[in-house]
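> give me the fold of what follows.
(chains A and B)
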Amino acid sequence: MTTSAQTGVAPVRRLGRRHKRVLPGFGLSLGISLFFVSLVLLLPMTGLVVEASGMTWDQFWFTVTDPRVVESYKVTLWTALAASLFNGLFGLLLAWVLVRYEFPGKRLIDAVVDLPFALPTAVAGITLATLFSQNGWYGQWLAKAGLEVAFTPLGIVVAMAFTSIPFVVRTVQPVLEELSPADEEAAVSLGASDGRVFRKVIFPSLWPAMVTGVALSFTRSLGEFGAIIFIAGNTPYVSEVTSLMIFIRLQEYDYAAASAIAAMVLLASLILLFSINLWQGRYLRRLEGR
Amino acid sequence: MASHNRRIGDQPWVRRSLIGLAMALTIILLVIPVVLIFVQALGTGWSTFAGNVLDEYTLDAIGLTLFVAALTVPLNLVFGTALAWSVTRFRFPGRKLLITLIDIPFAVSPVVAGLLYLLLYGRNGWLGGWLSTHDVQLMFAWPGIVMVTVFVTCPFVARELIPLMQQQGSEEEEAGVVLGASGWRIFRKITLPNIKWALIYGVVLTNARAVGEFGAVSVVSGNIRGETNTLPLHVELLYQDYNIAGAFASASLLAGIAILTLIAKAFVEWRQSQTEDAAPEEGGA
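Below is the predicted model of the structure:
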């Protein structure tokens, strides 16, 4: 970054103390970005604020604490938690296997991990619903074991887990790749058991990435809609997620109620998003600062 | 790696059982579902499949979906590139906030995204009311679908470019400035070749999501067959009509795009590793 100051060719504008702008296009690129962010991301939020502020506090509270809606919060929260915890374990396993071992089919697994991000959620939804239905490829075996997945909250867990599989794998994988073997080899040569080495040497480096991945998976699961509605059965008080509640209120043309519930959901997702970014920032700084 | 320095998990039985478990779960959770889509789509024979795909409403849905993607992708390509350029090549107050803001579409439920647009641009919205007095209808029509799709897909290009451009640094471009090249020329001749593959993958991802978006589109579409029905909405409609073969025929087209997306990703990663191997001295930049 010091090269630019030494050349002194381009007109240098000042902003802050450490960095001077040499490259062109600051105004244009930032202008486009801010225009786009305001128009596409921020302006639409005003509609929600206007709609929600048209309600009195009592109306708002009554709407968001409606027993059916409260039940949907509970279902959404515990299924999202279960799905993201499953993905925490599955993601760690996949990341470990992909980084540490060589085996035939490894490239295929590495490629197919991203499928849930590439596959439209509605397609995932009808596919999972068909697989887990009573006569489905999986459903008929699970039925023999007395396990019903389709049209139960368990189906929601399956749909959420499927759509957020890549998060943990893709956050843990790079960390595992960069992990220096020295500490691990030293611990092994000093006679520590594998389990102990994993817990004491490897896991302390991995867990921040795992937390990030699980949090991303959780956030995504909270908002998931397309994949869920086909498999959940959508029984009021039992297997309705909050996204669906918003959708139902909209279909009843109750825009105010839809907005009130959406405001709660939006608030929760924004808090999660900002916390994850703060957390990641802190954790990255610690990694770089070493 | 030196083989005499043992690392954990190297014992054959640990290795084999972990690989086996990962393989089994991957096949159950990811591979078989894709197989099922094609089995269901083609299970009743090629002629039924062709009939389902060439159905009038299906063709309309394909057309609308391609049209929406064709408008969304260029918009987000320009936005994503501009954003990545501004946040990786310059420091300014609010830069971190800007990077966080573009993640909003990842965190927000697609249904909420659709609702935000419906509330603002719908007939009762403060902007939509004004628009409707001027006979402009955005919601329950194709412009609304394009708008929510732009919202949902706007992070992808930027998210692919930012880490790469950050890592590459701006020394090469600064050299271009010193040599007197114009901004556009610097971008075309120096930046673009460096970010080409990430840019392509960003476009591929944007396209995949634009083609497949369901929740947000479903809120603003109004599901008018032949008019505002995109392919994912068409899949839902057919599925709820108990036309399972038809639903999976349309779904298989979308799954095909998803598979092409994964292939594109593998290819782009391979190309990137090739260029990194070819120019190892740039690794420290």
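> stretch B:92-112: how far from the chain's middle?
Taking CA atoms, centre = their mean, to the nearest Å, the mean C-alpha location of stretch B:92-112 is offset from the chain mean by 16 Å.
> may I see the buried residues of stretch B:43-54?
Within stretch B:43-54, the residues that count as buried by 16 or more other CB atoms under 10 Å in any protein chain shown are B:44, B:49, B:52, B:53. Where you see a C-beta, it was placed from the backbone N, CA and C, and this is true even at glycine.
> out of those, which sit inside strands?
When DSSP state E is applied, the buried residues of stretch B:43-54 are split such that none fall in strands.
> and the stretch 151-290 of chain A, which residues reach chain B?
Residues of the stretch 151-290 of chain A found near chain B, taking CB under 8 Å from any CB of the partner chain as the criterion, are A:161-162, A:165, A:181, A:184-185, A:188-189, A:194, A:197-198, A:202, A:219-220, A:222-226, A:230, A:242-244, A:246-247, A:250, A:255, A:258-259, A:262, A:265-266, A:269-270, A:272-274, A:277, A:281.
> in helices, which of those residues appear?
When those are checked against helices using DSSP state H, the ones located there are A:161-162, A:181, A:184-185, A:188-189, A:194, A:197, A:219-220, A:222-223, A:226, A:230, A:242-244, A:246-247, A:250, A:255, A:258-259, A:262, A:265-266, A:269-270, A:272-274, A:277, A:281.
> worst-scoring helix or strand of chain A, pLDDT-wise?
When the helices and strands of chain A are compared on mean pLDDT, DSSP states H and E, helix A:2-7 comes out lowest with a mean of 39.
> is chain B contacted by the host helix or strand of residue A:124?
Counting by DSSP states H and E, the secondary-structure element that holds residue A:124 is helix A:121-132. Yes - Helix A:121-132 comes into contact with chain B when judged by CB under 8 Å from any CB, the residues involved being A:121, A:122, A:123, A:124, A:126, A:127, A:128, A:130, A:131.
> using a markdown table, lay out the residues you listed together with pLDDT and neighbour count.
A markdown table is the format used below for those (pLDDT from 0 to 100; neighbours: other CB atoms under 10 Å in any protein chain shown):
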| residue | pLDDT | neighbour count |
| --- | --- | --- |
| A:121 | 96 | 24 |
| A:122 | 96 | 31 |
| A:123 | 97 | 31 |
| A:124 | 97 | 29 |
| A:126 | 97 | 26 |
| A:127 | 97 | 26 |
| A:128 | 97 | 27 |
| A:130 | 96 | 26 |
| A:131 | 96 | 20 |
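> okay, the residues you listed in CSV with distance to residue A:147 next?
Conversion of the residues of helix A:121-132 next to chain B to CSV gives the following (distance: CB to CB, whole Å):
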residue, distance to residue A:147
A:121, 24
A:122, 25
A:123, 24
A:124, 20
A:126, 21
A:127, 19
A:128, 15
A:130, 17
A:131, 13
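> and the buried residues of stretch B:43-54 as JSON lines, adding distance to chain A?
Compiled in JSON lines, the buried residues of stretch B:43-54 are given as follows (distance: CB to the nearest CB, whole Å):
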{"residue": "B:44", "distance to chain A": "14"}
{"residue": "B:49", "distance to chain A": "16"}
{"residue": "B:52", "distance to chain A": "14"}
{"residue": "B:53", "distance to chain A": "15"}
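> hey, C-alpha coordinates of the lowest-mean-pLDDT helix or strand in chain B in CSV?
Considering only helices and strands, the least confidently modelled element of chain B by mean pLDDT, DSSP H and E is helix B:126-133, at a mean of 86. What follows is the C-alpha trace of helix B:126-133 in CSV, where atoms were taken according to Å, rounded to 0.1, in the frame of the first residue of the first chain:
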residue,chain,number,x,y,z
TRP,B,126,-47.0,4.2,0.0
LEU,B,127,-45.2,4.0,-3.3
GLY,B,128,-47.5,1.4,-4.9
GLY,B,129,-50.5,3.7,-4.3
TRP,B,130,-48.9,6.5,-6.2
LEU,B,131,-47.8,4.1,-9.0
SER,B,132,-51.3,2.6,-9.4
THR,B,133,-52.8,6.1,-9.9
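> next SSE after that helix?
According to DSSP H and E, the helix or strand after helix B:126-133 is helix B:142-153.
> helices or strands up against that following helix?
Packing contacts for helix B:142-153, counted by 3 or more CB pairs under 8 Å, 6 or more residues apart in numbering or on different chains; DSSP states H and E, involve helix B:56-89, helix B:104-107, helix B:110-121, helix B:192-212, helix B:215-221.
> list the buried residues of that helix.
Neighbour counts over helix B:142-153 (16+ other CB under 10 Å) mark B:142, B:143, B:144, B:145, B:146, B:147, B:148, B:149, B:150, B:151, B:152, B:153 as buried.
> whichever of the ones in helices among the residues of the stretch 151-290 of chain A next to chain B end up buried, select them in PyMOL.
Filtering these down to the buried ones (16+ other CB under 10 Å) takes a single PyMOL command:
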select buried, chain A and resi 161+162+184+185+188+194+197+219+220+222+223+226+230+242+243+244+246+247+250+255+258+259+262+265+266+269+272+273+277
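> below-threshold pLDDT in chain A: ranges please.
Low-confidence regions of chain A, defined by pLDDT under 70, span residues A:1-20, A:284-290.
> grab the nearest non-local neighbour of residue B:102.
The spatially closest residue to residue B:102, leaving aside those adjacent along the chain, is residue B:155, at 5.0 Å (CB to CB, 6 or more residues apart in numbering or on different chains).
> so what's that neighbour up against?
Residues in contact with residue B:155, defined by CB atoms under 8 Å, 6 or more residues apart in numbering or on different chains, are B:80, B:102, B:103, B:105, B:106.
> show me the contacts for the last one.
Residues in contact with residue B:106, defined by CB under 8 Å, 6+ apart, are A:219, A:220, A:273, B:155.
> mind listing what the closest residue to the first one other than its chain neighbours touches?
What that stands for is residue A:219. Counting by CB to CB, 6+ apart, residue A:219 lies nearest to residue A:272, which is 4.7 Å off, once chain neighbours are set aside. Going by CB under 8 Å, 6+ apart, residue A:272 touches A:215, A:218, A:219, A:222, B:107.
> if you set the cut-off to 10 Å instead, what comes out?
Residues counted as contacts of residue A:272 (CB atoms under 10 Å, 6 or more residues apart in numbering or on different chains) are A:215, A:216, A:218, A:219, A:220, A:222, A:223, B:107.
> can you check residue B:274 too?
Each residue near residue B:274 by CB under 10 Å, 6+ apart is listed here: residue B:197.
> look up which helix or strand it falls in, please.
Mapping residue B:274 onto the secondary structure by DSSP H and E places it in helix B:244-278.
> name the residues of that helix that come out as buried.
Within helix B:244-278, the residues that count as buried by 16+ other CB under 10 Å are B:244-255, B:257-259, B:261-262, B:264-265, B:268.
> would you mind giving the domain segments of the chain?
In the absence of a named chain, this looks at chain A. By the assignment in automatic domain parsing, chain A contains the domains A:1-53, A:56-289.
> you answered for a different chain; I wanted chain B.
Under the assignment named as automatic domain parsing, the residue ranges that make up the domains of chain B are B:1-42, B:45-284.
> now do the helices in the stretch 51-200 of chain A.
Read by DSSP state H, counting those that start in this stretch, the stretch 51-200 of chain A holds these helices, from start to end of the chain: A:57-64, A:67-100, A:106-112, A:115-118, A:121-132, A:139-144, A:153-163, A:166-178, A:181-189, A:194-197.
> and the ones you listed as TSV, adding distance to residue A:23?
Shown next, in TSV, are these (distance: least, CB to CB, whole Å):
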stretch	distance to residue A:23
helix A:57-64	48
helix A:67-100	36
helix A:106-112	36
helix A:115-118	32
helix A:121-132	40
helix A:139-144	58
helix A:153-163	39
helix A:166-178	28
helix A:181-189	39
helix A:194-197	47
